[in-house]
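[1] Need a 3D model of the following:
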Amino acid sequence: GVGPPSEEPTPSEGGPTPKQRLLNWINSKVPDLPIKNFTTDWNDGRAIGALVDAVGPGLCPDWEDWNPKKGKDNAKEALDAAEKWLDVPQLIKPEEMTNPKVDDLSMMTYLSQFPNAKLKPGAPLRPRVNPARVR
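    As a prediction, the model looks like this:
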C-alpha cells in the first residue's frame with residue numbers, strides 16, 4: 001500500500017465496528033432481551049418497545065406483556081412514542097421493522113438515533129401496570 005497503514009483501519013483491528021458498538025449499546029440498555037442482530041431480533045416489536053422504554057423510562061412500560069404475534073402494532077406504538085417524545089424520526093416503518101428481510105442498514109440508521117435521544121418534558125410516562133418482577 002501507499003502511505004501509512006493507519007489510513008484505512010479494517011474492522012478486525014481497532015475494536016468493534018459501528019454495528020457492533022451500536023449493538024453493544026442496545027444490549028446495555030435492554031439487558032432483558034438478547035439482541036444479536038438488526039433484523040429478526042426486532043420482528044416482534046418488543047425489542048424496540050424495550051429500547052424506547054429504556055431511553056424514556058415509562059414510555060412503553062408494558063413491552064414485556066406485548067403479544068409477539070402483534071409485531072406491527074407493537075412496533076408502531078414504540079415508533080410513535082419515540083417520534084413524539086424522544087424526537088426520533090420514523091426512518092423505518094413498523095411493517096419494515098417487523099419483516100425478517102428488513103434491511104439491517106436501515107435499522108442501524110434508525111436505531112443509531114437513540115443514543116442521543118432525550119426525553120421531552122411532558123411525556124405521558126406511566127409505571128408498569130403489573131410488574132412481573134422487581135428490579
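[2] just checking, next helix/strand downstream of the helix or strand in which Leu51 is found?
    According to DSSP states H and E, Leu51 maps onto helix 46-55. Moving toward the C-terminus from helix 46-55, the first helix or strand encountered (DSSP H and E) is helix 71-85.
[3] Quick check: which ranges of this structure have low pLDDT?
    Screening the chain residue by residue with the criterion pLDDT under 70, one finds the ranges 1-13, 129-135.
[4] wait, what's in contact with Gln90?
    Neighbouring residues of Gln90 by C-beta atoms under 8 Å, 6 or more residues apart in numbering: 79-80, 82-83, 110. All C-beta atoms are positioned from the backbone trio N, CA, C, and that covers glycine.
[5] Report the buried members of these.
    Neighbour-count burial within those applies to 79, 82, 110; the criterion is 16 or more other C-beta atoms under 10 Å.
[6] Give me the distance between the last one and Arg46.
    Computed as C-beta to C-beta, to the nearest Å, the Tyr110 to Arg46 distance reads 16 Å.
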